[in-house]
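Chemist: pasting the structure only:
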Ligand code: UD1
Ligand code: UDP
């Protein structure tokens, strides 16, 4: 049987962190694979730091298609298509694996399916796999929701992290034979790195933070930081948490959020400690030792649940509803009072009483085995 050639598409911080276990598995098993990094994220602290810390081989291709800002989604996606087409037509992999809900994933999915529609003429037939399939916020104003819906509907293999994600895909009429519940590779990443990350615990001292006596915040999503009123409300909420609960709030700020804070001329609330984004190992330590997390990040909602840290999501919906159902997470929107109220609720004794629904840390192995064992 011919060995299958697999292309992995990554472009952003979460893609790299969550694809790392897949890369590791493929390396260890001497599989025929290569990585295409779209360059959507390019700052050292959102990109190269993860290759270094997680000891990943350099991607075979770096496309350097930087994000061009919120008003140019078409240009960004279009340029990704153009650049990626050169690579895929040269390499002609058997499968392309995209991850999550970014523009990089959308472009990888769209391109793969477009190439395959030429099969009658060219003979090219590349299968598409989508990791983190079936997640839905049911909010089409979010670029991420649009991207994930399209990726799912174009895919031959939908790697759903949970049964509820599988059900979402089924409800949209996707063939059940294409859907595999495999858990989320973030569990693999956390398990593979939590112990190693202890070596970065010094960061807490450096920032003047004591274990379980501070909150950790990350806020960067378009619907929050590009909206002045929402972002202002969230920052005020962080300030209230610090003041009323008498704890510091550490906020490693994403470049998008930093830029928008400056553009909107928003004040830094007292008690909130702003830092540059940190590496995954440092972030794991900050998370594991936090009293509570406040976030709009998908990955941080999952990691908080896995690490048994209560989470407040500063959004009106989430595509990770399992975390809400089990009491690990609560939706607070962007209202400062509501954010404070949610923090008080989540810090009541006895709240931490859930089991992560995201799998056993063997998701990467399951995904790779399914891809490698399928006949072409
Ligand atoms: C993207 C994803 C989002 C994900 C996030 C992970 C889409 C539509 N959004 O959002 O789902 O949660 O990545 O972090 O794909 N910037 C830098 N350096 C970088 C990257 C970005 O300075 O390395 C700044 C630039 O000003 C850029 C802005 O951040 O224009 C937005 O970047 P972009 O990749 O479009 O979106 P993210 O907000 O990072
Ligand atoms: N993360 C990190 N450093 C930081 C903030 C976050 O390494 O300063 C990691 C975090 O552990 C998680 C991932 O980045 O695995 C989440 O990425 P992000 O919030 O950018 O994207 P999302 O999950 O919302 O798509």
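Modeler: Perfect, thanks for sending it. This one's a predicted model, so the numbers in the text were calculated from it and none came from an experiment. Ligands and ions are numbered 1, 2, ... in the order given.

Chemist: can you tell me which residues contact the closest residue to residue 156 other than its chain neighbours?
Modeler: Nearest in space to residue 156, with sequence neighbours left out and distances taken as C-beta to C-beta, 6 or more residues apart in numbering, is residue 127 at 4.4 Å. Heads up, the C-betas are built off the backbone N, CA and C, glycines and all. Taking C-beta atoms under 8 Å, 6 or more residues apart in numbering, we find residue 127 in contact with 94, 95, 96, 112, 116, 156, 157, 374.

Chemist: Quick check on residue 127: phi, psi?
Modeler: Note on residue 127: its backbone torsions stand at phi -80, psi 150 [degrees, to the nearest 10].

Chemist: Let me know the pLDDT of it.
Modeler: You'll see residue 127 listed with a pLDDT of 97.

Chemist: just residue 151 next, same as before
Modeler: So residue 151 comes in at 98 (pLDDT).

Chemist: who's in contact with the helix or strand containing residue 368?
Modeler: Using DSSP states H and E, residue 368 falls within helix 363-373. With contact meaning C-beta under 8 Å, 6+ apart, helix 363-373 is reached by 4, 6, 21-22, 24-26, 29, 31, 95, 97, 129, 131, 157, 159, 161, 180, 182-185, 187-188.

Chemist: cutoff 7 Å now
Modeler: 4, 6, 21-22, 25-26, 31, 95, 129, 131, 157, 159, 180, 182-185, 187-188 (C-beta atoms under 7 Å, 6 or more residues apart in numbering).

Chemist: Check the residues you listed for burial and list the buried ones.
Modeler: Listed as buried from those are 4, 6, 21-22, 25-26, 31, 95, 129, 131, 157, 159, 182-185, 187-188; burial here means 16 or more other C-beta atoms under 10 Å.

Chemist: show me what contacts the residue nearest to residue 191 when sequence neighbours are not counted?
Modeler: Of all residues not flanking residue 191 in the chain, residue 361 sits nearest, at 4.2 Å (C-beta to C-beta, 6+ apart). By C-beta under 7 Å, 6+ apart, the contact list for residue 361 reads 187, 188, 191.

Chemist: And for residue 98?
Modeler: Contact partners of residue 98, counting by C-beta under 7 Å, 6+ apart, are 9, 105, 108, 109, 130, 151.

Chemist: distance of the second one from residue 341?
Modeler: Meaning residue 105. Distance of residue 105 to residue 341, given as C-beta to C-beta, to the nearest Å: 35 Å.

Chemist: Indicate the residue of the stretch 1-150 of the chain located nearest to ligand 2.
Modeler: Using C-beta to the nearest ligand atom, the closest approach of the stretch 1-150 of the chain to ligand 2 is made by residue 14 at 3.8 Å.
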